[in-house]
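Q: could you look at this predicted model? Sequence included:
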Amino acid sequence: MNSVLAATSYVLVHVPDMVLHNGSTQTTERTVNPGSAYLEALPKHIRSYDQALTYAPNQAYIGRITPQQLAQREQPWYPQPLDGAERYARYGEIMPQDEFLLLLQICDVFDLAFLSQDFVDRTKPALAKHPLMSQEILDRLKEGVDDEQIAHFVNNEHAEGLYHQGELVGYIKRAHDVDVNLTAHVVHENLVSKASSVLSMLHLIHNSGLKPDEVDYVIDCSEEACGDMNQRGGGNFAKAAAEIAGLKNATGSDLRAFCAAPAHALVTAASLVKAGTYRKVVVTSGGSTAKLGMNGKDHVKKDMPVLEDVLGGFAALICEDDGINPEIDLGLVGRHMVGTGSSPQAVITSLVLSPLEKAGMKIVDIDKFAAEMQNPDVTKPAGAGDVPLANFKMIAALAVKSGEIERGQLNDFIEQHGMPGWAPTQGHIPSGAPYLGFARQDILDGTIKNAMIIGKGSLFLGRMTNLFDGISFVLHANRGKAEPQQGISKQEVRTLIAEALRSFAGSLADQAGGNDAK
């Protein structure tokens, strides 16, 4: 029996000050061109929390509106606030920056994160009202420090400042004097990823109705790497986040594969459950500060808000077949192999057409495809075009080439089997994973019967290989639990044993009679 997708969660964290101080585009610009016109203009293009909250793609990410409803809205989406937007929705929430800074400090277990006493006093009541913050979690929050200490560490001790609404409210200190893997900047990156992963798992536990101690294994598939000079990416984010989220019976490990990591992790989780190694596995990921404001220069140049101002996180629960939830079909896994090649056609063929052909299926047999679900509001002004649309065009072209549809049906195929992108450009987050929650619900509702989730990754970014990467799998309606083979009663067992003994005794008697005759 296949494993099933039992629940999902999605969270965003609005972090405008981290755009200014921690996004890689801005930190690089501050190093090479500290007086640039871009850095001077940037603060005027930063959104408020309410603006980020009412942004339609953000509301789609947490499940307030569906991809179909988003598609009906005129693009670009950013000038049109969504009526009825809320912080909490079906899959998760959009957390404001001040509460997240407290959660970040809660996730620090090495006394590296410090906040001012005034900021803690102002913000703690709001976090205490959060429906998922247990007293056990809140008790991890440390007392604040004075402003003089914060200024000293930021100005003299290579600490990374923590800001809210332009005010310095805390700092992350370095964890080692000379180890570049434990600088304050890296520790900050890692604590942000951990904290947003914790938030994702808290929502997953709530959405699934599970008790935290029922989770057996956690796989983290974010893009960060924690370690020291002797093991630069040793991990383990999975257990670190599980500890704060209260998953006391879980173990876990990290899986890294650039943008394709979520798809790899989901297939791995489904395999572990199907093999019986673990019964309930959580796949989780936090967000990436490096991607904040990544396309900010183009957004500012076009006099639009910087839309990459949110961290993204998600989590998924993979369980044994329950006869209800959609199955992850491990017989329908597409792979970009070493010898596949890196042309777009070769990649899509290996991930889409090849696994379907092996299963005797056609491309049109898949109701929905979800590949790189980047928000076109972000990518089009930067010259990258509409990434999801480009993927759907390639899949449709394969369907034309294989004779499944006519060339004139290409646009109809895209409309029927595709969807708009709504995910923040957080690297790994957009790669197929944002549709999991909607796909599960659509399958349960009978709106669709299946969906293909496609993860793609750029391995060449690590300078170790020029290869591309990718993996895909199919989620389909549950076919019902197989009926167990009918057992036999104890009386039937005794009867069978008795008959076997009589037969054995008769055989011995026959052998004895034959020996006497000789």
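A: Sure, I can see it. Numbers count the residues shown, from 1 in each chain.
Q: wait, D309 sits on V19?
A: Yes: using Cβ atoms under 8 Å, D309 is in contact with V19, at 5.1 Å. The way it works is simple: take the backbone N, C-alpha and C, and place the C-beta from them, glycine included.
Q: which one's the longest strand in this protein?
A: strand 3-14 (DSSP state E).
Q: chain center to the helix or strand containing A399: distance?
A: Remark: A399 resides in helix 387-401, with elements defined by DSSP states H and E. Taking Cα atoms, centre = their mean, to the nearest Å, the mean C-alpha location of helix 387-401 is offset from the chain mean by 24 Å.
Q: surely S24 and G296 touch.
A: No: applying Cβ under 8 Å, one finds S24 not in contact with G296, separated by 10.3 Å.
Q: between these two, tell me which one has more neighbours.
A: Neighbours were tallied for S24 and for G296 using other Cβ atoms under 10 Å; the higher tally belongs to G296 (27 against 15).
Q: which residue sits closest to the more buried one, ignoring its sequence neighbours?
A: Nearest non-adjacent residue to G296, counting by Cβ to Cβ, 6 or more residues apart in numbering: V306, 4.7 Å away.
Q: so for the one you found, what's the pLDDT?
A: Looking at V306, its pLDDT is 98.
Q: so it: helix, strand or coil?
A: For V306, the secondary-structure state derived from DSSP: H, G, I helix; E, B strand; the rest coil is coil.
Q: that older thread, may I have the strands that pair with the longest strand of the chain, each with its orientation?
A: Sheet pairing here is set by DSSP bridges, and for strand 3-14 it gives strand 92-95 (parallel), strand 310-319 (antiparallel), strand 327-335 (antiparallel).
Q: picking up where we left off before, what mean pLDDT would you report for the helix holding A399?
A: What helix 387-401 shows for mean pLDDT is 97.
Q: neighbouring contacts of that helix?
A: The contact list for helix 387-401 (Cβ atoms under 8 Å, 6 or more residues apart in numbering) reads 344-345, 348-349, 352-353, 362-364, 369, 371-374, 376, 379, 405-407, 409-410, 413-414, 417-421, 430, 454.
Q: show me what contacts V186?
A: So V186 contacts V180 (Cβ under 8 Å, 6+ apart).
Q: that one falls within a strand, correct?
A: No: judged by three-state DSSP, V186 forms no part of a strand; its state is helix.
Q: show me which residues of the helix holding A399 are buried.
A: Under the neighbour-count criterion of 16 or more other Cβ atoms under 10 Å, helix 387-401 has 387-389, 391-400 buried.
Q: after it comes which helix or strand?
A: Using DSSP H and E, the helix or strand that directly follows helix 387-401 along the chain is helix 410-417.
Q: the residue nearest to G296 and D50: what is the separation?
A: Distance of V306 to D50, computed by Cβ to Cβ, to the nearest Å: 16 Å.
Q: higher neighbour count, those two?
A: More neighbours surround V306 than the other of V306 and D50, with 27 against 12 (other Cβ under 10 Å).
Q: T425 against K291, yeah?
A: Yes: counting by Cβ under 8 Å, K291 is a contact partner of T425 at 5.8 Å.
Q: which residues are common contacts for those two?
A: Common contacts of T425 and K291, defined by Cβ under 8 Å, 6+ apart, comprise E308.
Q: who's more crowded, those two?
A: T425 (25 against 22).
Q: now the more buried one: which helix or strand?
A: Using DSSP H and E, T425 sits within no helix or strand.
Q: and it, what does it touch?
A: Residues counted as contacts of T425 (Cβ under 8 Å, 6+ apart) are K291, M294, N295, E308, Q374, N375, V378, T379.
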